[in-house]
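> Sequence and predicted model, in that order:
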Amino acid sequence: MISLKEKLQKIWENKRGIAEGLYNTFLSHDPEIKAELARRVTICESNVCGYYDAKGETEKVVVRGKPACALCGCNIQTKAAVMWLDCTLKEHGQTPLWEALITEEQDKEINTIAYKEQFKKK
């Protein structure tokens, strides 16, 4: 079983992706992001890879009780909402079921522009 310290360390190491996933899941109103998120979640829920954990109970799962990937331990909804992440299968040398649409650098640039836009004088 993963210790609390290990869980917190994993969360800290992935904080940017977690924040992005939570934002895209709960706050974003972008229809393209919502459509891609739904597509990815549907793929994960199909359990083609055999790693879908509907109850979030496997050892690697960081936050229990929510659908998760048993391979990486991530919450499916949050990970699938990060447009610069690939399906975890890619990290394990397998063909991913879904791939990143943009790079992390492109995402940072988009967020920087959006941040500046909100403070422009009109």
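That came in fine, so what should we check first?
> Please make it C-alpha for all contacts and neighbour counts, starting now.
Will do.
> Am I right that Glu105 falls within a helix?
Yes - counting by DSSP: H, G, I helix; E, B strand; the rest coil, one finds Glu105 located in a helix.
> What about it, how many residues nearby?
The number of residues packed near Glu105 is 10, by other C-alpha atoms under 10 Å.
> Per-residue pLDDT of it, please?
pLDDT for Glu105: 95.
> ok, now how distant is it from Asn14?
15 Å (C-alpha to C-alpha, to the nearest Å).
> Then Thr95?
22 Å.
> Strands of this protein, start to end?
With DSSP state E as the criterion, the chain has strands at 52-53, 68-69.
> Just the mean pLDDT for the last one, thanks.
The average of the pLDDT scores along strand 68-69 is 96.
> could you redo the strands of the chain as CSV and give each row mean neighbour count?
Formatted as CSV, the strands of the chain follow (neighbours: other C-alpha atoms under 10 Å):
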stretch, mean neighbour count
strand 52-53, 22
strand 68-69, 29
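> Those strands: which one's closest to Leu101?
strand 68-69 (19.9 Å; C-alpha to C-alpha).
> For that closest one, enumerate the helices and strands it packs against.
strand 52-53 (3 or more C-alpha pairs under 8 Å, 6 or more residues apart in numbering; DSSP states H and E).
> tell me the mean pLDDT for the strand it packs on?
pLDDT averaged over strand 52-53 gives 96.
> which residues sit against it?
Strand 52-53 is contacted by residues 44-46, 67-70 when judged by C-alpha atoms under 8 Å, 6 or more residues apart in numbering.
> Can you say which of these are buried?
44-45, 67-70 (16 or more other C-alpha atoms under 10 Å).
> what's the farthest-apart pair in those residues?
Glu45 and Ala70 (12.2 Å).
> Let me see the contact set for the most centrally placed residue in the chain.
The chain has Lys79 as the residue nearest its centroid, 1.3 Å off, counting by C-alpha atoms, centre = their mean. Applying C-alpha under 8 Å, 6+ apart to Lys79 gives the contacts 17-18, 21, 85.
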